[in-house]
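> below are the sequence and a predicted model for it; my questions follow.
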Amino acid sequence: MKRILSAHYRTAACLAAVLLGGLAAPAGAIELKNADGSWTFSVNGNVNVHYILSNCESTSTPAVAGGLACLASASGSSVSNIGNGLLPAAISFGIATTQDNFDLSAHFGLYPGIATNDGGSPNLQASSPLTNTALGSTGLDIRQIYMTFGNKEMGTFTLGRNIGLFGADVILNDMTLPGVGAAGSAAGATPSNTTLGSIGLGYIYTDWPAQIDYTTPTHSGFNATFGIFDPINSLTAPAIQTANGKKEPGFHGKLSESYSFSDTTKFYGSVAFLTQKQNYTSGTGPYEYTGTGYDVFAKIDVSDFEVFGYYYSGSGLGTTGLFVLSADGNGNKRDSSGYLGQVTYKVGKAKFGVNYGVSNLDLASGEINPTLVKSNTKVTGGVYYSLTKNLTLLGEYTDVEAKAQNGNKNKGNNFNIGAFLSF
């Protein structure tokens, strides 16, 4: 268990690498049509690069297992990195047509980073130990492969690997999406291809599960999505335990509502849930537990002012990522909760913003684990300047604090400047 918890910080940093790419791309992507106009082929994506300077506390700081505040090396507390931010680079391909009154589409998303490492993917690295040396290369993440079919009257079916429903709205609206937020592995010797943003610091990472979903037609701004997803194992289950095949899929859903009070005042809100059973065999025999969670998101836009609030609660769901630290070694569930608030305001081409988030984790019933993380807290202030329609220059400052169940604390902060080019 100690080995698993010590790896949690890098795991959390790598979770960010499965983020949004094509979904964050702007409207107006490149489009091509075949000779008779029946098929449309589209391309969009981004390249983003940032200089990240982190200031971390000494490694002698009291332990917080699962804390997201960076720790310094013996050589000093400052760490410099040039890399991607919360998003990797992306190039996404789509193809769409209408046949017999059905709208059909397929999508493939490719997401390279710029970090030097030996992994075949910027998510869970293939090599151990990780490296950042000469003759290295970056990895390629293929997180989106899905198709859709339906129409405005019947709704739409989505089948394949795509963004999840729980936690999606908050990360898609996180102002640090084109930026960095919390530095994550960028504050270490072997950075991965993305940073944390606010992952684990106000919300659980939505992930990109294989899924089959149905979305209803939109009526007066309201729609609903329900579906099943491929059940995933706990990333932090003790090494002595064996994951068993799942007897049933995971289930998730989301209700959302959009409403315009006027041309300048708009509201969006959503409620999402998920549930999935975990099945394991330990030295004492098989056991199972069910992880569940729900979240609530609400955002209002008034001219150039935008504010949102987000809250989540889970049981056996974990913290930072789905089923990360979700139970003790005996299958007893840990409860978790968190929230993120954000305010942004535009002045000409510049957008100023601040967000503040907290992710909490409770001990399981009867569990004694004094250094297990109790909370991860973050505040980020940022300035995002649209030099052109597709090029954003930005700067952010982020402060992170991790606290253990016994009161141990770690603190760290990072500053970043960079550029985000979308197309």
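Everything's here; your move. Since the structure is predicted, the reported quantities are computational estimates derived from the model, not experimental observations.
> any stretches of this protein with poor pLDDT?
1-28, 60, 74-76, 117-131 (pLDDT under 70).
> could you pull out the helices for it?
2-6, 8-15, 168-173 (DSSP state H).
> distance of residue 216 relative to residue 223?
5 Å (C-beta to C-beta, to the nearest Å). The C-beta positions use only the backbone N, C-alpha and C, and glycine is treated the same way.
> typo on my end, residue 244
36 Å.
> swap in residue 191?
For residue 191, the distance to residue 223 - C-beta to C-beta - is 39 Å.
> and the gap between the residue nearest in space to the middle of the chain and residue 359?
The centroid of the chain falls nearest to residue 205 when counting by C-alpha atoms, centre = their mean (3.9 Å). For residue 205, the distance to residue 359 equals 11 Å [C-beta to C-beta].
> list residues touching both of the two?
By C-beta atoms under 8 Å, 6 or more residues apart in numbering, residue 205 and residue 359 have these common neighbours: residue 320.
> on that earlier part again, of residue 244 and residue 223, who's got more company?
residue 223 (18 against 14; other C-beta atoms under 10 Å).
> give the buried residues for stretch 394-410.
The neighbour-count criterion (16 or more other C-beta atoms under 10 Å) identifies 394-396, 398-405, 408-410 as the buried residues of stretch 394-410.
> let's have those in a markdown table, adding distance to residue 233.
Converted to a markdown table, these look like this (distance: C-beta to C-beta, whole Å):
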| residue | distance to residue 233 |
| --- | --- |
| 394 | 36 |
| 395 | 39 |
| 396 | 34 |
| 398 | 31 |
| 399 | 33 |
| 400 | 28 |
| 401 | 30 |
| 402 | 25 |
| 403 | 28 |
| 404 | 26 |
| 405 | 25 |
| 408 | 29 |
| 409 | 31 |
| 410 | 28 |
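> so which of those residues are in strands?
Using DSSP state E, the members of these that fall within strands are 394, 395, 396, 398, 399, 400, 401, 402, 403, 404, 409, 410.
> so in terms of bridging, what pairs with the second one?
Residue 395 forms beta bridges with residue 383, residue 417, as assigned by DSSP bridges.
> for it, give me its contacts.
Residue 395 touches 382, 383, 415, 416, 417, 418, counting by C-beta under 8 Å, 6+ apart.
> can you put those in a markdown table and add distance to residue 79 and neighbour count?
Listed next are the contacts of residue 395 as a markdown table, based on distance: C-beta to C-beta, whole Å; neighbours: other C-beta atoms under 10 Å:
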| residue | distance to residue 79 | neighbour count |
| --- | --- | --- |
| 382 | 20 | 22 |
| 383 | 23 | 16 |
| 415 | 11 | 15 |
| 416 | 12 | 26 |
| 417 | 16 | 15 |
| 418 | 16 | 21 |
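> name the nearest of those residues relative to residue 140.
residue 418 (21.5 Å; C-beta to C-beta).
> what about the nearest residue to that closest one once chain neighbours are set aside, neighbour count?
Leaving aside its sequence neighbours, residue 418 sits nearest to residue 50 (C-beta to C-beta, 6 or more residues apart in numbering; 3.0 Å). By other C-beta under 10 Å, the residues close to residue 50 number 25.
> kindly provide the distance from residue 50 to residue 305.
Relative to residue 305, and taking C-beta to C-beta, residue 50 is found at 26 Å.
> number of nearby residues for the residue nearest to residue 151 when sequence neighbours are not counted?
Of all residues not flanking residue 151 in the chain, residue 103 sits nearest, at 5.4 Å (C-beta to C-beta, 6+ apart). Using other C-beta under 10 Å, residue 103 has 15 neighbouring residues.
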